[in-house]
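J.: when you get a sec, could you give me coordinates for this:
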Amino acid sequence: MQKKLQVVALGGLGEFGMNCMAVIWGEDIIVIDAGLMFPEAELLGVDIVVPDITFLIENRDKVRGILLTHGHEDHIGALPWLLSELNVPVYGTEFTLALVENKLDEHGLLDSTTLNEMVPGERFPLGPFTIHPIQVTHSLVDCVALAIHTPLGVLIHTGDFKVDPTPSDNRLFDLHTFAEYGKSGVLALFQDSTNVERPGYTPSERAVARKLDEVFAMARGRLFFSCFSSSIHRIKLALELAVQYGRKVALVGRSLTEAAEIAQDLGYLDLPSGLLIHGGQIRDYPANKVCVLISGTQGEPMSALSRAAVDNHKHAKIEQGDTVVLSSRIIPGNEKAIYRVIDHLYRRHARVIYEDGGSPPIHVSGHASQEELKLIINLVKPRYFIPVHGEYRQLSRHCELASGMHGAVGNVMLLESGEVLEFDELGARKKEKITVGRVCIDSGSTGDVVEDLIIKDRRHLSEDGFVLPIVAINKLTGLVEAAPEIVMRGFGAGTEPGFMDEARKIVSRTLELSSDEEKGDYGVIKEKIRQDLKRFIVKQSARRPLIMPVILEI
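T.: Numbers count the residues shown, from 1 in each chain. You can find the predicted model right below:
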């Protein structure tokens, strides 16, 4: 029987983050990326969201390894979750693996996981596949696209990319290899859709240099510089400018310090001796001789910048005349938190510079705009084109863009998370969906999975509050020892005069009308109290708080 090649998106298609894809041939599966997603506001109290990997767990004996395109959280953040269920080798470039090591060490998985380094341009076998990592440029260092040689043809997965002609680490985008694959034939191209709505080209990382130079030249007091901790290009630029303008540099914030240490160890950052000072030494130098690299660009409540903005950080103190630079994009959903931090900074009479559409830019994207997307499609000339990494409107716009490129693309297919794309000698088609979804996790531990029911309860509590009727019953006599007490929280109607008295009467009446046998069965009496109280509250207030009767045995 003819084997079929299947590609399954386990996350990241139709949503931002949770990027994870499986490629299947016969009895072998490889996984590309294992990303997390930061939760929307309606997922109350949830810290991170990871893909549901039921499909991989059911086929655990077939999974040969996980290939990582780069080290951003939306591509590596779910690894601890995935590896706690499947003990398979992980493949990534040097810098990506260094970030992964820290993450696995935190979760106690480092010793049990095999990490294999991929080198751009060097092919290696994995099950029936041959993997060819291709150097690409992005907002992070050491990123690759993956050309996967399968028995039916080559699949190219771009990972996240932009075509930067002047990257700050001088590692050029390998257009030549993409063109070579275009000549020899590519079965399918899976391309990053993040910036498909943006016309033209994404500016080079070096485009930020002009604005930053201007900021360093104009800053009179201390200069606080914040960017994504993984943006090694941007950190490098800030360090070079600090040297040029004679400022000492303090690193404040755990994620930024860790990323800078890794980058220094791997040779991406070359720091002159004596440049770095400890956070505690910031006040030992004149204000115009200090630059503080500080984490917290997204307004995270406990980040170093958020705490400094309200005078709650032991080392970083922002005062009148200081300059604060936010060199990052505003991730959708974080607007309120970020602008709140900016408000606090303005209250301290600091000069705040953030992405406001001005020119030259203080931040440039790491994702390809329309012309770069077209360039790669033209070079690769795939038989099948599938957009990845984006919400549905972006995938849809990307399909339109590719469909308009007659001669460069064979068939365009829009795939959503859970859909199976099957290839054989006759072509490609969508098959039945598999189980996908998201798993919500509290406090970052793989053990604290939050079920849908819990989120439903949290939403219920946040909207209508709760009511606790407390009844004391004598265990021996079955008599009610005292008048029922009622505790209410987050329930507005409970403050109205006479409401509490009436509610107590309802509970007392329920107890009076119940037999001794019912009072002896706490499950029954609790349910009777709940039902009667619920009927009264709904009638009085049209609200439905969570009612949890408590029986005290005396």
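
J.: alpha carbons only for contacts and neighbour counts from here, please
T.: Fine.

J.: surely S327 and E355 touch.
T.: Yes. With contacts counted by Cα atoms under 8 Å, S327 reaches E355, the gap being 7.1 Å.

J.: the two: who's more crowded?
T.: Shown here are S327 and E355; by other Cα atoms under 10 Å, S327 has more neighbours (23 against 16).

J.: need the phi and psi values for that one.
T.: Backbone torsions of S327, given as degrees, to the nearest 10, read phi -100, psi 70.

J.: can you classify D74 by secondary structure?
T.: Secondary structure, DSSP: H, G, I helix; E, B strand; the rest coil: D74 is helix.

J.: distance-wise, check it relative to Y91.
T.: 16 Å (Cα to Cα, to the nearest Å).

J.: also V310?
T.: V310 is 42 Å from Y91, by Cα to Cα.

J.: for the residue nearest to L110 when sequence neighbours are not counted, which residues are in contact?
T.: Excluding the flanking residues, the one nearest L110 by Cα to Cα, 6 or more residues apart in numbering is L104, at 4.9 Å. Going by Cα atoms under 8 Å, 6 or more residues apart in numbering, L104 touches L79, P80, L110.

J.: center of this protein, which residue is that?
T.: M37 (3.4 Å; Cα atoms, centre = their mean).

J.: beta-bridge partners for it, please?
T.: V49 (DSSP bridges).

J.: surely N378 and A408 touch.
T.: Yes. Using Cα under 8 Å, N378 is in contact with A408, at 5.4 Å.

J.: mind saving the C-alpha coords of the one helix or strand L533 maps to as PDB?
T.: Using DSSP states H and E, L533 sits in helix 522-541. Extracted in PDB, the C-alpha atoms of helix 522-541 (Å, rounded to 0.1, in the frame of the first residue of the first chain):
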ATOM      1  CA  TYR A 522     -25.500  17.100  55.000                       C
ATOM      2  CA  GLY A 523     -25.500  16.600  51.200                       C
ATOM      3  CA  VAL A 524     -29.300  16.800  51.100                       C
ATOM      4  CA  ILE A 525     -29.600  19.800  53.500                       C
ATOM      5  CA  LYS A 526     -26.900  21.800  51.600                       C
ATOM      6  CA  GLU A 527     -28.700  21.300  48.300                       C
ATOM      7  CA  LYS A 528     -32.100  22.300  49.800                       C
ATOM      8  CA  ILE A 529     -30.600  25.500  51.200                       C
ATOM      9  CA  ARG A 530     -28.800  26.300  47.900                       C
ATOM     10  CA  GLN A 531     -31.900  25.800  45.900                       C
ATOM     11  CA  ASP A 532     -34.200  27.900  48.100                       C
ATOM     12  CA  LEU A 533     -31.600  30.700  48.500                       C
ATOM     13  CA  LYS A 534     -30.900  30.700  44.700                       C
ATOM     14  CA  ARG A 535     -34.700  31.100  44.000                       C
ATOM     15  CA  PHE A 536     -34.900  34.000  46.400                       C
ATOM     16  CA  ILE A 537     -31.700  35.800  45.100                       C
ATOM     17  CA  VAL A 538     -32.700  35.400  41.400                       C
ATOM     18  CA  LYS A 539     -36.200  36.800  42.100                       C
ATOM     19  CA  GLN A 540     -34.800  39.700  44.100                       C
ATOM     20  CA  SER A 541     -31.800  40.700  42.100                       C
END
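
J.: which strands or helices does that helix pack on?
T.: helix 499-512, helix 516-520, strand 546-547, strand 550-553 (3 or more Cα pairs under 8 Å, 6 or more residues apart in numbering; DSSP states H and E).

J.: who's in contact with the residue lying closest to D174 once chain neighbours are set aside?
T.: Once flanking residues are discounted, D174 sits nearest to Q135: 5.4 Å by Cα to Cα, 6+ apart. By Cα under 8 Å, 6+ apart, the residues touching Q135 are P120, G121, D142, C143, V144, A145, R171, L172, F173, D174.

J.: please repeat the previous calculation with a cut-off of 6 Å.
T.: P120, V144, F173, D174 (Cα atoms under 6 Å, 6 or more residues apart in numbering).

J.: from V163, how far off is it?
T.: As judged by Cα to Cα, Q135 and V163 stand 11 Å apart.

J.: what of G407?
T.: Relative to V163, and taking Cα to Cα, G407 is found at 22 Å.

J.: these two - which one has more neighbours?
T.: V163 (26 against 10).

J.: can you show me the CA trace of stretch 434-445 as CSV?
T.: Output of stretch 434-445 as CSV, limited to C-alpha atoms (Å, rounded to 0.1, in the frame of the first residue of the first chain):
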residue,chain,number,x,y,z
ILE,A,434,-7.7,15.5,15.0
THR,A,435,-8.1,16.6,18.6
VAL,A,436,-6.3,19.8,19.3
GLY,A,437,-7.0,22.6,21.7
ARG,A,438,-5.3,24.4,24.5
VAL,A,439,-4.2,23.5,27.9
CYS,A,440,-4.2,26.3,30.5
ILE,A,441,-1.5,26.3,33.1
ASP,A,442,-1.3,28.3,36.4
SER,A,443,2.0,29.6,37.9
GLY,A,444,4.2,28.1,35.1
SER,A,445,4.3,24.6,36.6
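
J.: return the distance of it from the chain's centre.
T.: Centre-to-centre, stretch 434-445 and its host chain are 12 Å apart (Cα atoms, centre = their mean, to the nearest Å).

J.: please apply the same query to stretch 131-150.
T.: On Cα atoms, centre = their mean, the centre of stretch 131-150 falls 21 Å from that of its chain.

J.: pLDDT of the helix holding L533, averaged?
T.: Helix 522-541 shows a mean pLDDT of 87 in the predicted model.

J.: about what we covered before: closest one of the contacts of L104 to L241?
T.: L79 (35.6 Å; Cα to Cα).

J.: so the nearest residue to that closest one once chain neighbours are set aside: helix, strand or coil?
T.: Nearest residue to L79 in three dimensions, chain neighbours excluded: A34, at 5.6 Å (Cα to Cα, 6+ apart). Three-state assignment for A34 (three-state DSSP): coil.

J.: surely A34 touches H75?
T.: Yes. When contacts are counted by Cα atoms under 6 Å, A34 is listed as touching H75 (5.1 Å).

J.: who touches both of the two?
T.: N19.

J.: who has more neighbours out of the two?
T.: Neighbours per residue (other Cα under 10 Å) separate A34 from H75, with A34 holding more: 31 against 24.

J.: what's near enough to touch the residue nearest to the centre of the chain?
T.: With Cα under 6 Å, 6+ apart, M37 has these contacts: G17, M18, V49.

J.: how near is the first one to P51?
T.: Looking back up the chat, that one is G17. From G17 to P51 the distance is 9 Å (Cα to Cα).

J.: and the second one, by the same measure?
T.: Relative to P51, M18 is positioned 6 Å away (criterion: Cα to Cα).

J.: ok, back up a step: neighbour-wise, which of V310 and Y91 wins?
T.: Each of V310 and Y91 has its neighbours counted (other Cα under 10 Å); Y91 has more, 21 against 15.

J.: tell me which other helices or strands the helix or strand hosting the more buried one touches.
T.: Y91 belongs to strand 90-92 when assigned by DSSP H and E. Counting contacts by 3 or more Cα pairs under 6 Å, 6 or more residues apart in numbering; DSSP states H and E, strand 90-92 is packed against strand 63-67, strand 115-117.

J.: deepest-packed of these, please.
T.: Of all these, strand 63-67 has the most neighbours on average by mean count of other Cα atoms under 10 Å, namely a mean of 22.

J.: show me how far that strand is from its chain's centre.
T.: Worked out by Cα atoms, centre = their mean, strand 63-67 lies 21 Å from the chain centre.

J.: try stretch 391-409
T.: 25 Å.

J.: any idea of the mean pLDDT in that stretch?
T.: 94.

J.: show residues contacting it.
T.: G14, E15, V196, N378, K381, P382, R383, P387.

J.: those in strands, which ones?
T.: P382, R383, P387 (DSSP state E).

J.: reformat those residues as a markdown table; add distance to L546.
T.: Formatted as a markdown table, those follow (distance: Cα to Cα, whole Å):
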| residue | distance to L546 |
| --- | --- |
| P382 | 56 |
| R383 | 56 |
| P387 | 44 |
